[in-house]
Each structure stands twice: as C-alpha cells, then as structure tokens.
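**Q** 3D, please:
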Amino acid sequence: MQPGLERLATGTEIRASGRKLSGVVMRYGDVSPSHRERFEPGSLRMAESVHLDLYHDVERAVAWMPGGGLKLQADGEALRMVAELPPIPAANRALDEIRAKRTTGLSVEFQAIKERMDGNIRVIEQAILTGIGLVKHPSYGQSQVEARRRSGRTIRARIPSNKKVACRCSGAACKMAKLMQEGMQQAIDDAFVEYKRTVIAGFNSYDKPLASTRTGTLRGRMREDGDAEVEIDLPDDAVGASVIAANESSGIVVRPHVDADAAESTIEGETRIYHTMPIRAFLVSATDAREGWPEPEIIATPDELAHSHAPRTRRHRIWL
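**A** Residues are numbered from 1 along each chain as shown. Below is the predicted model:
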C-alpha cells in the first residue's frame, strides 16, 4: 500500500519582518519524544507544488511554490523557509496571528517513501514535502518534533434521524432523544459543508480527543435514507488504542454532542425532540445505553489529505 500523508508539528519559532516570514521547517536528526522517530539529513524533497497555509487549510494558502513567494532551502542540518506574503485576506490574518503570538509554530505535511527501524526509533530516509501549516502552538522545543499519525483505522457510524435513541443528557425527564431530519441536515451542513464551527470527536470526553473537522480527520454527510453518517480517523496513540480495545471487549457507540444554548427542542413524555441541533462534538464510548443507536464499524482506510479550520468559542453542551 502506498504510504499515507502524515503531519509533524515542529517546535520552531516563526519570525515576521514586514510581510516576510522565516523559520526552520524541519531539523534533521532530532528524535520525537512521543513517537520515537527522526528524519535523516536531506530526507525531505519537495513535491511539484508546496503550499504554506494557515492551520492546514488549503483555502487559506498564504504563499506557495513555485511562483507564490515561498522559498525553501535545505542543508545538512535543516530545511528552512522564507515566505513573502501577498496582500490577501488569508495572509493578513496569518500576520496578525503571528504578531499577536497566537500562532507560533510550523507543521509539515509529508508522505514517507522510504523508512527503517533503528531499534525502537522510526527513521525516515526519504519523504516528499507537500505542504506547511502555520499552527497555534508548537508541541516541543526548537529542535524537537511531534508526529500524531493516523492508525489507518476509521470509525464509521450512523446517526439516526426521526428515531428514538437512548439519551445521556442531564435531567430525569429526558431518557430518550429524537433528532429530527431537517435539523440534522442543517447541523451536518454547518459542520461539514459550510464549516461554520469546529467539531471534534473524543473518547468519553474532550480530554481524550480523537479527531476534528479542523484537521480533516472527522468527516460527516447525510445518507440517502435520511440518517447522518460520520467517519472518525483514529490516531496512532494510546487514545486510539483504547477505542479499539473498548470495541473489541464490549462494543462502542458514537453520539453527537449538541450545543444546548443554540438548540431548539420540545419534550414529549420522556423524549426530548431536537428540531435544531448545532453539533459541537461526537462522543465515542462503551456503554450499555444503546437503545436505537446503530453499531458502528471500524474499517481500514488509507490516510487522506486533511483540511483544517480555525477553532470556535465553546458553549455549554449536552451529551445525547
């Protein structure tokens, strides 16, 4: 199978002078402390087109090569970047974020072509650089990198419309919930088509994130039968492994997490009927409250190019 696209958050500082950005894209030889991998000197070569964008959103590209103000220079120690930003809205926002120190790091997109294991360390010998993202927070110091790779496994789950399902929101009056199809359609469009809000997926809580629309690892759509369907790319880390283990031992369910302040709902008996349901997250959990929820499947899928979107302000939420 052809190697998939991966990302590395580099811990280097971005410098801004006028409309020019500069920084170290990748330092060769440093070992990621979390994933135990390093890049050999000269291992990165450029794709035919490389873009620099804000938060890995290709629609917010601020420079590119060839011909778009992005220049990359490699030596035996590192791959370095200089970018002259054009007077466009995405570039103006990027400069504002950097000067305010809200965006402080770089993240590279690459495709590993040749690699080996050196003990317990993954060594990248050849890779193709396809993009560079301006990101909010580098994860490590200047000479360190972090990789949060996808495991190659994806949860595919159906979210029923117009059907009663077990509800986990607070209050004794709400034991079941019904998500009306028209409201579900609007929620899916807002989250996955219009990108009006960033949606995440977590294992049991926000403290154990799995995927997000910002990184392209969480996707959703409406099915022909009127239900919704979401796909969650599991990360290659301890949280992703916990999801796999929970599914194998007891099974899992995937529920939407609705913004209570913005939702419109009515109560009929012990059922809360959601007419509008702005979705902020999807909760993956092992639970005995399964009534009405279809069993999700975990499938093997290749990595895809991920798109990102800036995070929004969180509100009070309800778990369904």
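**Q** quick one: the helices in this structure?
**A** Taking DSSP state H to define them, one finds helices in the chain at 89-99, 181-188, 238-249.
**Q** tell me the most buried of those?
**A** With neighbours defined as mean count of other CB atoms under 10 Å, these peak in mean count at helix 181-188, which reaches a mean of 19. C-beta here means a position set from N, CA and C on the backbone, and glycine is covered the same way.
**Q** what is it packed up against?
**A** strand 218-222, strand 228-235, strand 271-276 (3 or more CB pairs under 8 Å, 6 or more residues apart in numbering; DSSP states H and E).
**Q** give me the low-pLDDT residue ranges for the stretch 51-200 of the chain?
**A** Scanning the stretch 51-200 of the chain for pLDDT under 70 picks out 137-151, 169-173, 195-197.
**Q** now the farthest one out in the protein, which residue is it?
**A** In the chain, counting by CA atoms, centre = their mean, Gly269 sits farthest out from the average C-alpha position, at 38.3 Å.
**Q** distance check, that one against Gly292.
**A** 15 Å (CB to CB, to the nearest Å).
**Q** again with Ser265
**A** The gap separating Ser265 from Gly292 is 17 Å, by CB to CB.
**Q** neighbour count: these two, which is higher?
**A** Ser265 (21 against 15; other CB atoms under 10 Å).
**Q** Arg45: what's it in contact with?
**A** If you count contacts by CB atoms under 8 Å, 6 or more residues apart in numbering, Arg45 has them with Gln126, Ala127, Ile128, Leu129.
**Q** next, count neighbours for the last one.
**A** Using other CB under 10 Å, Leu129 has 20 other residues around it.
**Q** may I have the residues that are in contact with it?
**A** Here Leu129 is in contact with Val25, Leu44, Arg45, Met46, Ala47, Val50, Leu72, Leu79, Val108, Glu109, Phe110 (CB under 8 Å, 6+ apart).
**Q** what are the bridge partners for it, then?
**A** Met46, Phe110 (DSSP bridges).
**Q** and for Val123?
**A** With DSSP bridges as the rule, Val123 is bridged to Arg38, Arg116.
**Q** what about it, distance to Val31?
**A** For Val123 relative to Val31 (CB to CB), the value is 10 Å.
**Q** need the overlap of contacts for the two.
**A** Residues touching both Val123 and Val31 by CB under 8 Å, 6+ apart: Glu37, Arg38.
**Q** just checking, Ile88 touches Arg60?
**A** No. If you go by CB atoms under 8 Å, Ile88 and Arg60 don't touch, sitting 9.4 Å apart.
**Q** what about these two, which has more around it?
**A** Arg60 (22 against 13).
**Q** show me the strands in the stretch 51-200 of the chain, by range?
**A** 61-65, 70-74, 78-84, 105-118, 121-135, 145-147, 150-159, 164-166, 176-179, 200-203 (DSSP state E, counting those that start in this stretch).
**Q** minimum distance to Glu229: which of those strands has it?
**A** Proximity to Glu229 (CB to CB) singles out strand 150-159 among those, at 5.4 Å.
**Q** direction included, what does the closest one pair up with?
**A** strand 228-235 (antiparallel), strand 297-300 (antiparallel).
**Q** can I get the ones you listed in JSON lines including mean neighbour count, distance to Gly119 and mean pLDDT?
**A** Formatted as JSON lines, these follow (neighbours: other CB atoms under 10 Å; distance: least, CB to CB, whole Å; pLDDT from 0 to 100):
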{"stretch": "strand 228-235", "mean neighbour count": "23", "distance to Gly119": "23", "mean pLDDT": "92"}
{"stretch": "strand 297-300", "mean neighbour count": "12", "distance to Gly119": "27", "mean pLDDT": "88"}
